[in-house]
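Participant: Okay, predicted coordinates and the sequence, questions at the end:
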Amino acid sequence: MSSDERVLVVTDTVRKDIGVPIYQAALERGCDALLMEMKPRVRSGEEPPRAVEHALIHTDVFILVTTVSLSHTQARKEACKAGARGASIPIQSNDQDLVLRTFARGGMTADYPAMSKSIGRMMDRLKHIHEARVTTAKGTDITFTFEHRRWHADTGIVSKPGEFTNLPGGEVFVAPFSAEGTAVIDGTFGDFGILDEPLKLTVKDGYVTSAEGGHARELNKVFDHLGRNSRNIAELGIGMNPKARLCGILLEDEKVGNTVHVALGDNTGFGGEVSVPFHFDGIIKEPKLFLDGEEIDLKDYVFGAMKTTA
């Protein structure tokens, strides 16, 4: 942020413990800063108030420090279309010590330029692949097809108008064209945090046909309330941050190296066609990843490339 930029910090009544200090830091840098505090949203992907939406498209830089994610809202997408650049920092935890540790350690402390090189190496490998298969010892066996869908890199570095990141950064992701198989979520799932019991999702033609296990009852209520689009397999992501650790805060957990994540719901912000006010990511630990039938070593891409840049 430079002193001649308009900076908007959006927070809520729960997450102002982080939002207010970030706003104060923007003021200290001499920015024309504005703080907006809103009522917490119910679920990730739910739109903010109209006043926030309006402010987002009339700023240069935005920082969304909220309880649940605004990343996949139309308000955020329209802000980037209007030329604003920014970051989302959604934190669901009520454990303030854990929240502060997330900022002091973990994924926020990665060497971002070096990690960007690792991500670039992974992106080169992902060019022109037609399908990916993910398996685990716990029962995951799901295949994704992509057609002409484009992979995206989140390096955590945002310097150009219209760019956007979640912090901490460190993942590559895509909106699959379709998916088929079984995904066993055994890490964090959406706003529920770390699962005590794995969540098994059965997928056919790109949509969840059944959910069993951890928080399946709550998820099925979302499906009933929001309809078929909330069952969409919205995203396949690969964690690329060597400093991130599984802690129950999704924005950290989805970046953990040697994990993949599968998201449900909206994917219109990164090349998909399904619009719904819902986006939940599920972390799958210790996966095997096959690209067009060839297994790749995720650890080498995350940690090996980092060693070569040290």
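Facilitator: Received the coordinates, thanks.

Participant: how distant is stretch 94-113 from the center of its chain?
Facilitator: 16 Å (C-alpha atoms, centre = their mean, to the nearest Å).

Participant: residues of that stretch that come out buried?
Facilitator: 99, 101-103, 106-108, 110, 112 (16 or more other C-beta atoms under 10 Å). (C-beta placed from N, C-alpha, C; glycine too.)

Participant: Domains in this structure, by residue range?
Facilitator: 6-90, 110-309 (automatic domain parsing).

Participant: In CSV: those, plus mean pLDDT.
Facilitator: Formatted as CSV, these follow (pLDDT from 0 to 100):
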stretch, mean pLDDT
domain 6-90, 94
domain 110-309, 94
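
Participant: re the thing from before, mind putting the buried residues of stretch 94-113 into TSV with distance to R50 and secondary structure?
Facilitator: Listed next are the buried residues of stretch 94-113 as TSV, based on distance: C-beta to C-beta, whole Å; DSSP: H, G, I helix; E, B strand; the rest coil:
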residue	distance to R50	secondary structure
V99	28	helix
R101	35	helix
T102	31	helix
F103	30	helix
G106	35	helix
G107	33	helix
M108	32	helix
A110	36	coil
Y112	34	helix
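
Participant: With adjacent residues omitted, what lies nearest to L8?
Facilitator: Take L8 and drop its neighbours on the chain: the residue closest to it by C-beta to C-beta, 6 or more residues apart in numbering is T59, 4.1 Å away.

Participant: what about the residue lying closest to T140 once chain neighbours are set aside, which SS state?
Facilitator: Among residues not flanking T140 along the chain, V184 sits closest, at 4.6 Å (C-beta to C-beta, 6+ apart). Taking DSSP: H, G, I helix; E, B strand; the rest coil as the rule, one finds V184 in the strand state.

Participant: what's the burial count for V184?
Facilitator: Residues near V184, counting by other C-beta atoms under 10 Å, number 23.

Participant: Also C247?
Facilitator: For C247, using other C-beta under 10 Å, the count is 21.

Participant: T182 too?
Facilitator: The local packing of T182 (other C-beta under 10 Å) involves 16 other residues.

Participant: Might one say that it is in contact with G139?
Facilitator: Yes. Counting by C-beta atoms under 8 Å, G139 is a contact partner of T182 at 6.1 Å.

Participant: shared neighbours of those two, which are they?
Facilitator: K200 (C-beta atoms under 8 Å, 6 or more residues apart in numbering).

Participant: got the buried residues of stretch 94-113 as TSV, with distance to N232 columns?
Facilitator: Below are the buried residues of stretch 94-113 laid out as TSV (distance: C-beta to C-beta, whole Å):
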residue	distance to N232
V99	30
R101	34
T102	29
F103	32
G106	30
G107	27
M108	30
A110	31
Y112	31
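
Participant: which parts of stretch 158-167 are buried?
Facilitator: 158, 164-167.

Participant: residue contacts, G30?
Facilitator: Here G30 is in contact with S3 (criterion: C-beta under 8 Å, 6+ apart).

Participant: looking at this, it is in a strand?
Facilitator: No. With three-state DSSP as the criterion, G30 is coil rather than part of a strand.

Participant: Give the burial count for Q92, as a bare number.
Facilitator: 22.

Participant: Not counting its neighbours along the chain, what's nearest it?
Facilitator: Nearest non-adjacent residue to Q92 (C-beta to C-beta, 6+ apart): D191, at 5.2 Å.

Participant: so who does that neighbour touch?
Facilitator: Taking C-beta under 8 Å, 6+ apart as the test, what D191 contacts is 43-44, 68, 92, 250, 280.
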